[in-house]
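Asks: quick one, structure for this:
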Amino acid sequence: MPSGQEKFLAIADLQGWGYSNSDVHAYIASLSILQDYYPERLGKLFIVHAPSIFMAVWKVIYPFIDNNTKKKITFVENKKLRSTLLLDIDESQLPDIYGGKLPLGQEDS
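Replies: Modelled structure (predicted):
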């Protein structure tokens with residue numbers, strides 16, 4: 001985002017997501033806080049690596065999202081991941097796991 005921009009861009013990586021680690025009520029509460037208290041803070045939300053099973057939960061959550069917020073959410077196809085993210089994120093700020101140049105700290109196991 002441009003210098004001085006007061007909105008944020010987020011990447012929600014759902015790789016490994018499943019029903020066992022989902023909480024629809026928490027998702028709805030988070031959306032409510034974002035929409036009701038910080039409506040103009042979200043610049044864009046990219047959802048990546050969304051498993052097909054997530055779409056069932058998405059259908060439950062989607063009606064609770066206001067139209068302005070819906071416009072800011074983009075599902076990204078795996079084969080277009082890097083090119084899509086680079087439309088809004090500078091390569092120097094895009095984490096290397098998504099094809100950018102920003103190294104993410106890996107803790108030693």
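Asks: what residues does the longest helix anywhere in the chain touch?
Replies: The single longest helix within the chain, with elements called by DSSP state H, is helix 24-37. The contact list for helix 24-37, computed with Cβ atoms under 8 Å, 6 or more residues apart in numbering, reads 41-42, 57, 60-61, 64-66, 69. For the C-beta atoms, the positions are set from N, CA and C on the backbone; glycine is no exception.
Asks: now with 6 Å, please.
Replies: 60-61, 64-66, 69 (Cβ atoms under 6 Å, 6 or more residues apart in numbering).
Asks: same thing with stretch 54-69?
Replies: In contact with stretch 54-69 (Cβ under 6 Å, 6+ apart) are residues 14, 17, 22, 24, 27-28, 31, 35.
Asks: for these, which one is nearest Leu102?
Replies: Leu14 (20.1 Å; Cβ to Cβ).
Asks: for that closest one, give me its contacts.
Replies: Going by Cβ under 6 Å, 6+ apart, Leu14 touches 49-50, 54.
Asks: Gln15 now?
Replies: His49.
Asks: let's verify it: helix, strand, or coil?
Replies: For Gln15, the assignment made with DSSP: H, G, I helix; E, B strand; the rest coil gives coil.
Asks: that one and Leu86, how far apart?
Replies: 19 Å (Cβ to Cβ, to the nearest Å).
Asks: what of Asp96?
Replies: For Asp96, the distance to Leu86 - Cβ to Cβ - is 13 Å.
Asks: which one of the two has more residues nearby?
Replies: Leu86 (14 against 10; other Cβ atoms under 10 Å).
Asks: follow-up on the earlier one: list the buried ones in the longest helix of the chain?
Replies: In terms of neighbour count (16 or more other Cβ atoms under 10 Å), helix 24-37 has its buried residues at 27, 31, 34.
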